[in-house]
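Here's my sequence, what's the structure:
(chains A and B)
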Amino acid sequence: MTLTVKLYGVFRIGRFKEKQLEFADGVCIDEVVEHLQLNRQLLGIILINDKHANITSTLADGDTLALLPILEGG
Amino acid sequence: MQILTTDPVKEPSRILYRRCVLDLQSGEQTFNDVPCSNLEDVLGGFGRSFQQLAKRPLGEAYCDENPLIINTGLLTGSTAMTGMRTYFSAYSPLKQSLKGLPAAIWSAGSGKFGAKFKWTGLDELILENRSDKPVYLVIRPTEQGPQIDVKPAEHLCGLTTHEKIMELQQHYEDAHFAAIGPAGENWQQVLMGSIALSTENQLRSGEDKQRFAGRGGMGSMMGYKNVLALVAQAPDQKKPLSEAVKKVNTNVVKGGGAARLQPIKRGGGGGTWAAYDVLQPFHAVPVNNFRPQGNDLPERMLRENVDKDYDLESSACWRCGITCHNYVYEKKPDGSRGEFLSKFDYEPLNLLSTNIGIHDPGQGARLIQACDLMGMDAISLGVTLSYLLAWNERHPDKPLFDGVGFGDYEKIRELILATGKGSCPDIGSGSMRLSQKTGETDYAYHVKGLEIAAYQPETNPGYIWAIAGGHMTMGTYGMLIREGKTDFDSWVDAITRDKLQIVGFDMIGLCKFFDITKGIGTQMVVDCLKSDFNLEVTEEDLRAAVHRAFILGLIMEKQQGYTEAEYALPAEVAKIPNPHIKIPDISNLAYIEQLSQRVWAVFKPEMETVAKELGLK
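Numbers count the residues shown, from 1 in each chain, chains lettered A, B, ... in the order given. Okay, the predicted model is just below:
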């Protein structure tokens, strides 16, 4: 299945801003994070089609997945 | 401090802090070892100062009866990572109720002044009355205990914050400094004066790399009292690092909370600046007086874009392993480092650039630098400026300050310098007073008289109950963006229980980056207190003390005339909802009303209980 993956902030370094990627049906976000080798300590916000999701959420064909770093303020 | 017990909860009076009360009018200094009344007293910071201020309600800030309380926390100057904080507390010249009564406030700053202050042997200095002439104070240890020398300071008048520190450095070895700028000296026209605290980086490089205790006009209070600077001169105390604290420090540096602050080249998130990256997808980066436009304007200040033309350096405070600063330098044509411009932290960066229509990083840096050198709070200054620019945009027929507009860098810079020198009291007095004068208050972005931080109020109803700086005394500012939660249970829980715990750092002497999500009620802090002081406390003890200190803050607001109607977000937020911000709506009046009812249902009984315990009305 095809997902649109959007990366933000430091996650873009050495990767991309937005890309369409192919994954097996029913892939979960954890697997996508693993595939992209993102620093999990920095992973803050996960959005599927602009709605908040969590690391165990599964994805469907055509979903847009956004992965953003932590927001803590200062 | 004298610690004669292992149980600060049951036997707080067996812990005594060394206090000096200095009467600036008579010159009399009174030193006492004061027994603590409760765990809040033991921890220090505002936990102690607010208990003193609560007994001295005042009608105005600029009066001799308003003490300026300078203290540290129990872990300031300790081996615990980030243990560097100094606190300044008083009734604020800036934040006041609609009844016209000043609110009690504190402001915190890093750098090395706090540790040096602690190492003089003094835990707290209270400045009473005011000096007839400009003075600076030198605090140093002697065989008889800490001593304070009052020195004439005419030669420091008019100098910037950095110039004052550099001047004093020439005369005092092994010292660090706290100084006000021209803004604080012009306290009558500038209510938002800040206090600069020197850093090792600054003293070694000669560059203006000071830190600030910015919020609430404590620099203006220092200026009112005619104290232009403080010198804390003491040798460093190099205590051996215990295994327990070493383990804590490793957790702090390598833990998830600090990871986002570490340099990008070390796999970190690159500091607080990264808030731009996270807020922009939601179109929640403040633009032009908190009215995001749903476009990519804020992206000009993303690090990846600034990096192209400027030299960036991540740095840390002395002895801290969290490189949370980002220094910005010019980049020369050959790619080498040029002139130092300023430090990019999210709040000053947004409020003195994107939110006032400035989208050039170099210009933003120069505005931050101007604010810092004049010695003003970047948040209050930036938000007051953005109000002024918004007025001019709405009223081209009735312009203020020559019609300065969003993005007008040259004019804005002139205004910042003029404000710091006392020539623009309408700006120096803050957004609440300026908007009251113009008669248009809806788009003045303050809550209870204190300007809000660089998080859209649409994302944070919690601002309403912050007892000092809006985002650092109620940790709900990222909650909606981060977690997407809109239900009342989550918000009531956060406001009344979990997220108020952030204020604990402003008691104990630690920077919030120690563990910003959990507060100080953690095993890490328990271990530090055991290791450094042989104190036995539980996480619950710490959380309870922080909770009580927070509730006291609410009691004091009520004492100073705040009504429930003043616990509200800026009116424009609900009256003209912004269609561009991509988040669920939790700032409409119906939501806020229901949230308020539930929050006050929790807080009010607690306020009655704490007031009774402390003997307050």
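
and B:L125, that's in a strand?
Yes: under DSSP: H, G, I helix; E, B strand; the rest coil, B:L125 falls within a strand.

For the nearest residue to it once chain neighbours are set aside, give me its contacts.
With C-beta to C-beta, 6 or more residues apart in numbering or on different chains as the measure, B:I70 is the residue that lies nearest to B:L125, at 4.6 Å, once sequence neighbours are left out. Any C-beta I mention is one placed from the backbone N, CA and C, and that applies to glycine too. The contact partners of B:I70, by C-beta atoms under 8 Å, 6 or more residues apart in numbering or on different chains, come to B:T86, B:Y87, B:F88, B:F117, B:E124, B:L125, B:I126, B:L127, B:A178, B:L230.

between the residues you listed, which is nearest B:G268?
Compare each of the contacts of B:I70 with B:G268 using C-beta to C-beta and the shortest gap goes to B:T86, at 26.5 Å.

burial count for that closest one?
B:T86 has 32 neighbouring residues, counting by other C-beta atoms under 10 Å in any protein chain shown.

Work out for me the element the residue lying closest to it once chain neighbours are set aside sits within.
When the adjacent residues along the chain are set aside, B:T86 lies closest to B:G114, with 3.7 Å between them (C-beta to C-beta, 6+ apart). When elements are assigned from DSSP states H and E, B:G114 belongs to helix B:113-119.

Can you give me the pLDDT of whatever residue of the stretch 351-500 of chain B ends up closest to chain A?
Using C-beta to the nearest C-beta, the point where the stretch 351-500 of chain B gets nearest to chain A is B:G484, with a distance of 3.1 Å. What the model reports for B:G484 is a pLDDT of 94.

So it sits against A:K51, correct?
Yes: taking contacts as C-beta atoms under 8 Å, B:G484 lies within contact range of A:K51: 7.1 Å.

between those two, who's got more neighbours?
Between B:G484 and A:K51, counting by other C-beta under 10 Å, B:G484 is the more crowded of the two (17 against 11).

contacting residues for that one?
B:G484 sits next to A:K51, A:H52, B:P584 when contact means C-beta under 8 Å, 6+ apart.

can you do 7 Å?
With contacts taken as C-beta atoms under 7 Å, 6 or more residues apart in numbering or on different chains, B:G484 has the following neighbours: A:H52.

do the same with B:A90
Counting by C-beta under 7 Å, 6+ apart, the residues that B:A90 touches are B:N66, B:P67, B:L68, B:I69, B:M218, B:M221.

tell me how far the strand or helix carrying it is from the chain's mean position?
Element membership of B:A90 [criterion: DSSP H and E] is strand B:86-96. Taking the mean C-alpha point of strand B:86-96 and that of its whole chain, the gap between them comes to 10 Å (C-alpha atoms, centre = their mean, to the nearest Å).

All the helices of chain A, residue numbers only.
When secondary structure is read from DSSP state H, chain A shows helices at A:29-36.

got the residues of it near chain B?
For chain A, the residues found near chain B under the criterion C-beta under 7 Å from any C-beta of the partner chain are A:8-10, A:13, A:39, A:41-42, A:44-45, A:50, A:52, A:66, A:68-74.

Can you flag the buried ones in these?
Burial by neighbour count, 16 or more other C-beta atoms under 10 Å in any protein chain shown: within the residues of chain A next to chain B this picks out A:8-10, A:39, A:41-42, A:44-45, A:52, A:66, A:68-74.

hmm, back to that, write a PyMOL command that selects only the buried members of the contacts of B:I70.
In PyMOL syntax, the buried subset of the contacts of B:I70 is picked out as below (16+ other C-beta under 10 Å):
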select buried, chain B and resi 86+87+88+117+124+125+126+127+178+230
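
of all the contacts of B:I70, which comes closest to B:E393?
B:E393 lies nearest to B:F88 out of the contacts of B:I70, by C-beta to C-beta, at 35.5 Å.

Tell me the predicted confidence for that closest one.
So, for B:F88, pLDDT stands at 98.

which bits of the stretch 451-600 of chain B sit near chain A?
Near chain A, the residues belonging to the stretch 451-600 of chain B are B:H471, B:Y477, B:G478, B:I481, B:R482, B:E483, B:G484, B:I516, B:K582 when assessed by C-beta under 7 Å from any C-beta.

swap the cut-off to 10 Å and go again
Within the stretch 451-600 of chain B, the positions near chain A by C-beta under 10 Å from any C-beta of the partner chain are B:453-455, B:471-472, B:475, B:477-485, B:502, B:511-513, B:516-517, B:582-584.

how about low-confidence regions in the chain?
With no chain named, the answer covers chain A. In the predicted model, chain A carries pLDDT under 70 at residues A:72-74.

Actually, chain B is the one I wanted.
Of all residues in chain B, those with pLDDT under 70 make up the ranges B:256-257, B:617.

is it true that B:F177 touches B:E200?
No: counting by C-beta atoms under 10 Å, B:F177 stays clear of B:E200, with 11.9 Å between them.

what about those two, which has more around it?
With other C-beta under 10 Å as the criterion, B:F177 and B:E200 differ in neighbour count, and B:F177 comes out ahead with 29 against 15.

Not counting sequence-adjacent ones, nearest residue to B:E539?
Setting aside the residues directly before and after it, B:E539 is nearest to B:G521 in space (C-beta to C-beta, 6+ apart), at 4.6 Å.

same thing with B:E540?
Skipping the residues right next to it in sequence, B:E540 comes nearest to B:G521 by C-beta to C-beta, 6+ apart, at 7.1 Å.

Is B:A108 located within a strand, as I assumed?
Yes: following the definition three-state DSSP, B:A108 is counted among the residues of a strand.

thought it was touching B:I502?
No: contact between B:A108 and B:I502 fails when scored by C-beta under 10 Å: they sit 11.6 Å apart.

hang on, the earlier thing: so what sits against both of B:F177 and B:E200?
Residues touching both B:F177 and B:E200 by C-beta atoms under 10 Å, 6 or more residues apart in numbering or on different chains: B:G111, B:K112.

centroid residue for chain A?
Ranked by distance to the mean C-alpha position of chain A (C-alpha atoms, centre = their mean), the top residue is A:L67 at 3.8 Å.

okay, stretch B:242-256 in CSV with CA atoms only?
Extracted as CSV, the C-alpha positions of stretch B:242-256 are listed here (Å, rounded to 0.1, in the frame of the first residue of the first chain):
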residue,chain,number,x,y,z
SER,B,242,28.5,11.2,44.3
GLU,B,243,27.6,8.1,42.3
ALA,B,244,23.9,8.8,42.9
VAL,B,245,24.0,12.3,41.5
LYS,B,246,26.3,11.2,38.7
LYS,B,247,23.6,8.7,37.7
VAL,B,248,20.9,11.4,37.9
ASN,B,249,23.0,13.8,35.8
THR,B,250,23.5,11.1,33.1
ASN,B,251,19.8,10.5,33.0
VAL,B,252,19.1,14.2,32.7
VAL,B,253,21.6,14.7,29.8
LYS,B,254,20.7,11.5,27.9
GLY,B,255,17.0,11.4,28.8
GLY,B,256,14.2,12.1,26.4
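
mind listing what whichever strand or helix holds B:Y327 pairs with, with the direction of each?
Using DSSP H and E, the secondary-structure element containing B:Y327 is strand B:325-331. According to DSSP bridges, strand B:325-331 forms sheet pairs with strand B:310-315 (antiparallel), strand B:337-343 (antiparallel).
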